[in-house]
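Visitor: No letters, just coordinates:
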């Protein structure tokens with residue numbers, strides 16, 4: 001005759017089996033999260049690419065054929081071209097665990113300088129643009145010196161220089177815009193990037209092509225040169241980078257100078273995009289560039305992300321704005337949606353870092 005186990009032992013055995021099943025389920029779930037985290041960590045542009053594709057599909061269904069028209073799709077490219085170039089400059093700074101609140105102010109200041117020299121002072125347009133390129137690089141150098149030599153936090157540094165550059169904009173321009181007619185009459189080269197190639201209903205401006213070219217060059221520099229590896233190393237852990245023999249201050253100076261130079265290129269492109277030069281244009285360019293970088297999956301903590309993500313981030317914002325506008329959504333709710341987009345993007349970055357730990 002078979003003897004049954006005591007009642008207490010049977011209960012403990014069932015409880016043990018239940019614990020094992022729960023542990024097995026948690027291990028499986030945790031393993032899935034870790035695999036997803038590793039995929040996202042190894043492919044930093046994957047999230048913005050997915051978001052961009054889903055956004056295009058959703059707004060295409062909501063807005064219909066108007067959204068997928070060649071004219072509208074190329075219009076999105078035109079609208080994000082200047083913010084996209086600023087986002088490229090912003091990405092360089094954020095990859096080093098910094099932030100630059102002065103990128104738009106540098107851009108507008110250089111456009112004012114180029115416009116005054118070429119339109120009002122009679123300088124040849126190429127020379128005026130060259131002065132603007134040098135000026136943008138010097139402005140970036142100023143930010144870099146304050147960060148590396150004076151040891152000021154990048155946020156405070158660029159908040160201060162933003163006010164300085166903005167005041168210089170108003171002083172040099174007398175708070176007056178340079179009209180499109182005056183530019184056409186004296187320095188039409190300044191509006192070069194506003195010209196476009198038209199075919200099949202599409203209209204691709206040279207400014208859009210410039211934006212893609214800038215991202216391509218910077219992507220190559222960051223991924224296929226020693227300088228690019230140093231930039232990521234400084235952003236990931238500056239002290240460790242110094243112990244590894246990297247001259248971190250020199251790397252940071254080069255990053256800020258390059259960012260300033262890119263902003264001066266954006267200045268030239270912005271004249272063609274707007275058609276005139278205003279000292280108060282692109283007032284929200286700083287925040288919009290940061291938005292593109294964050295939505296593009298580049299970590300605000302530095303050292304992680306691909307600069308191409310900033311391009312996709314700018315396009316995502318452009319798609320959202322275009323899709324919501326074509327869907328007759330009020331501008332107020334467009335801003336509301338972009339705000340949630342930023343919060344979700346930062347939350348995803350935090351989640352990736354937490355799981356990887």
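Guide: Good, I have the coordinates. It should be emphasised that the depicted structure is a prediction, and the values quoted were computed from it without experimental measurement.

Visitor: hang on, isn't residue 253 packed against residue 141?
Guide: Yes. Using C-beta atoms under 8 Å, residue 253 makes contact with residue 141 at a distance of 6.9 Å. All C-beta spots, glycine's among them, are computed from the backbone N, C-alpha and C.

Visitor: Looking at those two, which is more packed in?
Guide: Remark: of residue 253 and residue 141, residue 253 carries more neighbours, 19 against 16, as counted by other C-beta atoms under 10 Å.

Visitor: so what does the helix or strand where that one lies touch, helix or strand wise?
Guide: Residue 253 is part of helix 248-274, with elements assigned from DSSP states H and E. Helices and strands touching helix 248-274, as assessed by 3 or more C-beta pairs under 8 Å, 6 or more residues apart in numbering; DSSP states H and E, comprise helix 70-95, helix 103-115, helix 125-148, helix 206-224, helix 226-236, helix 238-243.

Visitor: what sits up against the last one?
Guide: Same thing as helix 238-243. Helix 238-243 has contacts (C-beta atoms under 8 Å, 6 or more residues apart in numbering) with 97, 230, 233, 234, 248, 251.

Visitor: Just the buried positions in that helix, please.
Guide: Residues 238, 241 are the ones in helix 238-243 that count as buried (16 or more other C-beta atoms under 10 Å).

Visitor: Quick check: mean pLDDT of that helix?
Guide: Here the mean pLDDT over helix 238-243 is 92, rounded to a whole number.

Visitor: now it: how far from the chain's centre is it?
Guide: In terms of C-alpha atoms, centre = their mean, to the nearest Å, the centre of helix 238-243 is found 26 Å from the chain centre.

Visitor: what number of residues lie near the nearest residue to residue 140 once chain neighbours are set aside?
Guide: Among residues not flanking residue 140 along the chain, residue 260 sits closest, at 2.2 Å (C-beta to C-beta, 6 or more residues apart in numbering). Neighbours of residue 260 under the rule other C-beta under 10 Å: 28.

Visitor: And for residue 345?
Guide: When neighbours are counted by other C-beta under 10 Å, residue 345 registers 24.

Visitor: quick one: contacts for it?
Guide: Residue 345 makes contact with 47, 294, 295, 297, 313 under the criterion C-beta under 8 Å, 6+ apart.

Visitor: Check residue 188 too.
Guide: Neighbouring residues of residue 188 by C-beta under 8 Å, 6+ apart: residue 125.

Visitor: winner for burial among the helices and strands packed on helix 248-274?
Guide: Per residue and on average, the most neighbours among the helices and strands packed on helix 248-274 fall to helix 103-115, with a mean of 29 (mean count of other C-beta atoms under 10 Å).

Visitor: re earlier: now for whichever helix or strand comes after the helix holding residue 253, which elements pack on it?
Guide: From helix 248-274 onward toward the C-terminus, using DSSP H and E, the following helix or strand is helix 285-295. Based on contacts counted as 3+ C-beta pairs under 8 Å, 6+ apart, the elements that helix 285-295 packs against are helix 70-95, helix 103-115, helix 307-326, helix 331-356.

Visitor: Tell me which residues are up against helix 285-295.
Guide: Outside of helix 285-295, the residues within contact range by C-beta under 8 Å, 6+ apart are 48, 51, 80, 82-84, 86-87, 89-91, 94, 99-105, 107-108, 162, 300, 309-310, 313-314, 316-317, 338, 341-342, 345-346, 349.

Visitor: now the angle between helix 307-326 and it, please.
Guide: For helix 285-295 against helix 307-326, the angle by axes from the mean of the first three to the mean of the last three C-alpha atoms, to 10 degrees is 110 degrees.

Visitor: Now do the buried residues in helix 285-295.
Guide: Going by 16+ other C-beta under 10 Å, helix 285-295 has these buried residues: 285, 286, 288, 289, 290, 291, 292, 293, 294, 295.

Visitor: and the contacts of helix 238-243, which two are the farthest apart?
Guide: Greatest spatial distance in those: 97 and 230, 13.4 Å, computed using C-beta to C-beta.

Visitor: low-scoring stretches of the protein, by residue?
Guide: In the predicted model of the chain, residues 1-33, 36-38, 40-42, 44, 353-357 satisfy pLDDT under 70.

Visitor: do that again at 90, thanks
Guide: The chain contains residues with pLDDT under 90 at 1-71, 73, 174-175, 198-203, 280-285, 287, 294-305, 317, 320-357.

Visitor: pretty sure residue 297 is in contact with residue 311, am I right?
Guide: No. Under the contact definition of C-beta under 8 Å, residue 297 does not touch residue 311, with a separation of 11.1 Å.

Visitor: what's the most distant pair in the contacts of residue 345?
Guide: With C-beta to C-beta as the measure, no two of those lie farther apart than 47 and 294, at 11.4 Å.
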